[in-house]
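*Asks:* This is a predicted model, with the sequence first.
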Amino acid sequence: MDVVILSARSGWHTDELCRALAERGGSGRVVPYESLVARLGVRTGLSATAMPDRAAASPPFAVFDADAVLPRIIPDGSLEQIIFRVDALHWIEDRGIPVVNAARAIERCVDKFYTSALLQEAGLPTPETVVCERAADAMPVIRGMLREGDDAVIKPLFGSMGHGLVRVSDPELAWRVVRPLEQMRAVFYVQRAVDHGGRDLRVFVVGGRVLGAIERQAPPGDWRTNVARGGSARAIEIPEAWARLAVHAAAVVGADYAGVDLLPSSDGRVFVLEVNGIPGWQGLQEATGIDVAGAIVDHLITRIAARHAGAGVTGTPA
């Protein structure tokens with residue numbers, strides 16, 4: 001089992017995946033997205049070179065010969081670079097090679113508007129959200145939330161780990177945030193703040209089941225619960241109804257595995273806040289002791305087996 005792990009860099013998560021693959025008799029090649037080379041015409045294929053710090057780094061190898069591809073963090077780049085990298089994932093999948101998570105799922109999850117719209121259409125509970133381009137449209141929404149006694153949270157459309165989030169409780173402050181963003185041609189993702197007592201849940205879903213969950217608590221003086229920003233985490237058993245919400249949310253975006261953020265409100269409601277299609281799991285693994293990489297690789301093995309079984313029956317890639 002030869003698996004290509006596409007990543008911005010090597011590190012703890014790629015090491016964990018390589019370890020889990022090796023324990024199951026497979027191998028993982030950690031490949032930077034920047035090294036992808038597509039050849040079209042007489043010579044058709046997709047090749048890459050492994051990370052310089054890996055033993056298998058020497059010659060380029062054919063990505064289409066891999067048994068599966070595991071995309072991790074897509075690095076920053078120009079619009080053209082990002083589109084090329086995601087198009088390459090689509091092309092790999094079109095060749096019948098399992099891609100986990102698929103490009104389609106990554107595209108849905110990386111865009112907060114797209115994710116929220118899909119969750120809403122699927123009937124999942126989501127916080128009140130307005131997305132627009134003009135300050136003239138954003139400010140009345142924010143003022144309305146403030147008049148009704150709720151703070152407003154302004155988020156970037158793309159981003160993770162709590163970066164770029166601003167919570168406002170004053171119209172003047174809101175204008176000072178909104179006006180510069182409009183000049184930067186940003187898109188406003190405005191969400192009514194939910195009273196959650198400084199805690200939320202990260203539920204890790206693999207292969208249509210909940211693998212584990214943690215409760216994240218915001219650090220003193222902050223409302224953001226991200227472990228990367230100093231939040232604490234503890235293992236938690238969640239009710240079956242909450243587990244169904246998380247599994248449904250992962251299925252809505254088409255993710256083989258996902259980190260689903262649930263936000264329990266002080267009034268008893270539970271919202272699906274976000275679905276992360278390239279989730280980290282170090283905090284969850286440390287809190288629960290679960291071998292997350294092993295679970296992802298086990299699911300990947302079932303995808304590879306299904307592909308080979310389909311090829312055996314039909315004579316073509318599944």
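*Replies:* Arrived safely. Numbers count the residues shown, from 1 in each chain.
*Asks:* Would you state the strands of the stretch 1-150 of the chain in chain order?
*Replies:* 2-7, 27-32, 37-39, 45-48, 61-62, 68-71, 129-132 (DSSP state E, counting those that start in this stretch).
*Asks:* Worst mean pLDDT among those strands?
*Replies:* Sorting the strands of the stretch 1-150 of the chain by mean pLDDT places strand 61-62 lowest, at a mean of 90.
*Asks:* elements contacting that strand?
*Replies:* strand 45-48 (3 or more Cβ pairs under 8 Å, 6 or more residues apart in numbering; DSSP states H and E). (Each C-beta comes from the backbone N, C-alpha and C, glycine too.)
*Asks:* And the strand it packs on, what's buried?
*Replies:* Using 16 or more other Cβ atoms under 10 Å as the test for burial, strand 45-48 gives 46-48.
*Asks:* Would you mark the buried spots in the host helix or strand of residue 179?
*Replies:* For residue 179, the host element (DSSP states H and E) is helix 171-183. Within helix 171-183, the residues scored as buried using 16+ other Cβ under 10 Å are 174-175, 177-178, 181-182.
*Asks:* I'd like the next helix or strand past that helix.
*Replies:* strand 188-192.
*Asks:* tell me the angle of that following strand relative to helix 171-183?
*Replies:* Counting by axes from the mean of the first three to the mean of the last three Cα atoms, to 10 degrees, strand 188-192 lies at 150 degrees to helix 171-183.
*Asks:* mind listing what residue 12 touches?
*Replies:* Taking Cβ atoms under 8 Å, 6 or more residues apart in numbering, we find residue 12 in contact with residue 282.
*Asks:* roughly how far apart are it and residue 282?
*Replies:* 6 Å (Cβ to Cβ, to the nearest Å).
*Asks:* got it, and residue 116?
*Replies:* From residue 116 across to residue 282, the span is 26 Å (Cβ to Cβ).
*Asks:* Those two - which one has more neighbours?
*Replies:* residue 116 (21 against 15; other Cβ atoms under 10 Å).
*Asks:* Quick check: buried residues in the longest helix along the chain?
*Replies:* Secondary structure of the chain per DSSP state H: the longest helix is helix 292-314. Neighbour counts over helix 292-314 (16+ other Cβ under 10 Å) mark 292-297, 299-301, 303-304, 307 as buried.
*Asks:* ditto for stretch 41-59
*Replies:* Across stretch 41-59, burial judged by 16+ other Cβ under 10 Å covers 46-51, 54.
*Asks:* Could you do stretch 14-26 as well?
*Replies:* 14, 16-18, 20-21, 26.
*Asks:* Next: stretch 100-116.
*Replies:* Buried, per 16+ other Cβ under 10 Å, within stretch 100-116: 100-112, 115-116.
*Asks:* Distance across it, terminal residue to terminal residue?
*Replies:* By Cα to Cα, to the nearest Å, the extent of stretch 100-116 from end to end equals 22 Å.
*Asks:* same question for it, mean pLDDT?
*Replies:* On average, stretch 100-116 scores 95.
*Asks:* Let's see the pLDDT reported for residue 215.
*Replies:* You'll see residue 215 listed with a pLDDT of 92.
*Asks:* again but with residue 185, I slipped
*Replies:* pLDDT recorded at residue 185 is 92.
*Asks:* likewise residue 119?
*Replies:* pLDDT, residue 119: 97.
*Asks:* for residue 253, same thing?
*Replies:* pLDDT, read off for residue 253, is 97.
*Asks:* and the residue nearest to it when sequence neighbours are not counted, how far is that from residue 254?
*Replies:* Excluding the flanking residues, the one nearest residue 253 by Cβ to Cβ, 6 or more residues apart in numbering is residue 108, at 4.4 Å. Here residue 108 is placed at a distance of 7 Å from residue 254 (Cβ to Cβ).
*Asks:* again with residue 1
*Replies:* For residue 1 relative to residue 254 (Cβ to Cβ), the value is 23 Å.
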